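Q: I would like the atomic coordinates for the input below:
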Amino acid sequence: MTAGDSSISTSIYSPNPSSPLFIHSSDIPGTCLVLVPYSGIGFGGWKRKMVVALSAKNKIAFIDGSFLKPSDNVVELKFWNICNNMVIFWLTSSLSPDIAESVQYSETVECIWKQVENRYGTVNRTKVFEIKKEFASTCQGPLGIASYFNKLKKLWDVVAFIHKNPINPCNCALQKELEEDKLYQFLMGINVTYVSVRSNLLIMQPLPSLDNAYNILLQDEG
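A: Next up is the predicted model:
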């Protein structure tokens, strides 16, 4: 293929909309994918938002390295470089200026992502201790049932993210045990106003799911 042929092929090449190389009209370099750029605190929440945003734009393959840089296709390589650079801009725009500056010379999105994750995503035992301590002291108090449940749900999600040990869907026994633990934890913290409702929930055979218990208490509150 001559240089002229390459130019012509590039101009008429259009990636399939399902391909990570496809660029939507709304995909522009200056986009910040999160409301507040990451500054070193709350890595789990920031990472989750970034993964959701990049998945929605079909660019998550540039983060995990599953879409390899083409080595034998000049046209695809050009589009890969364009997408890689655009996602780098999105990623660095979603970091505080000092963190972005520390990774500005990295050539791929995957490299930047790994640096940030290795630096801030390491399990912090102090953080785990703080969450466990917060669990121990969390009760409904002046909160409504919904607000109390949401507070616990946030802590459960943080713990799940820190441990990064997704339950095998086939391990039904362990999954059931974990869900029952959440149910007991939820019921232990509700106010004395709901003692009778809690007693009725605990004698049900089988035990209600966490969501069902929540809905029953929510109805009783109303």
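Q: relative to Asp72, how far out is Thr193?
A: According to Cβ to Cβ, to the nearest Å, Thr193 and Asp72 sit 69 Å apart. Bear in mind the C-beta positions are built from the backbone N, C-alpha and C, glycine included.
Q: next: Gly141.
A: For Gly141, the distance to Asp72 (Cβ to Cβ) stands at 63 Å.
Q: ok, these two, which is more surrounded?
A: Gly141 (10 against 6; other Cβ atoms under 10 Å).
Q: what sits against the residue most central in space within the chain?
A: In the chain, the C-alpha nearest the mean C-alpha coordinate belongs to Arg48, at 1.9 Å (Cα atoms, centre = their mean). Neighbour list for Arg48: Phe161 [criterion: Cβ atoms under 8 Å, 6 or more residues apart in numbering].
Q: start the count at 349, not 1, going forward
A: Okay, using 349 as the starting number, the last item reads as Arg396.
Q: am I right that it falls within a helix?
A: Yes - counting by DSSP: H, G, I helix; E, B strand; the rest coil, Arg396 falls inside a helix.
Q: now stretch 457-466 - C-alpha only, CSV.
A: Provided in CSV are the C-alpha atoms of stretch 457-466 (Å, rounded to 0.1, in the frame of the first residue of the first chain):
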residue,chain,number,x,y,z
VAL,A,457,-4.3,4.8,29.2
GLU,A,458,-3.6,1.3,30.6
CYS,A,459,-0.2,2.6,32.0
ILE,A,460,-1.8,5.6,33.7
TRP,A,461,-4.6,3.5,35.1
LYS,A,462,-2.2,0.9,36.6
GLN,A,463,-0.1,3.7,38.1
VAL,A,464,-3.1,5.3,39.8
GLU,A,465,-4.5,2.0,41.0
ASN,A,466,-1.2,0.8,42.4
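Q: list the buried residues of that stretch.
A: Under the neighbour-count criterion of 16 or more other Cβ atoms under 10 Å, stretch 457-466 has 457-458, 460-462, 464 buried.
Q: show me how far that stretch is from its chain's centre.
A: 15 Å (Cα atoms, centre = their mean, to the nearest Å).
Q: could you report the neighbour count for Phe532?
A: Quick fix: residue 532 is Tyr, not Phe. 12.
Q: just list the residues touching it, thanks.
A: So Tyr532 contacts nothing (Cβ under 8 Å, 6+ apart).
Q: for it, give its distance to Ala561.
A: Going from Tyr532 to Ala561 by Cβ to Cβ gives 10 Å.
Q: also Gln463?
A: In terms of Cβ to Cβ, Gln463 sits 43 Å off from Ala561.
Q: where exactly do the strands run in the protein?
A: Counting by DSSP state E, the chain has no strands to list.
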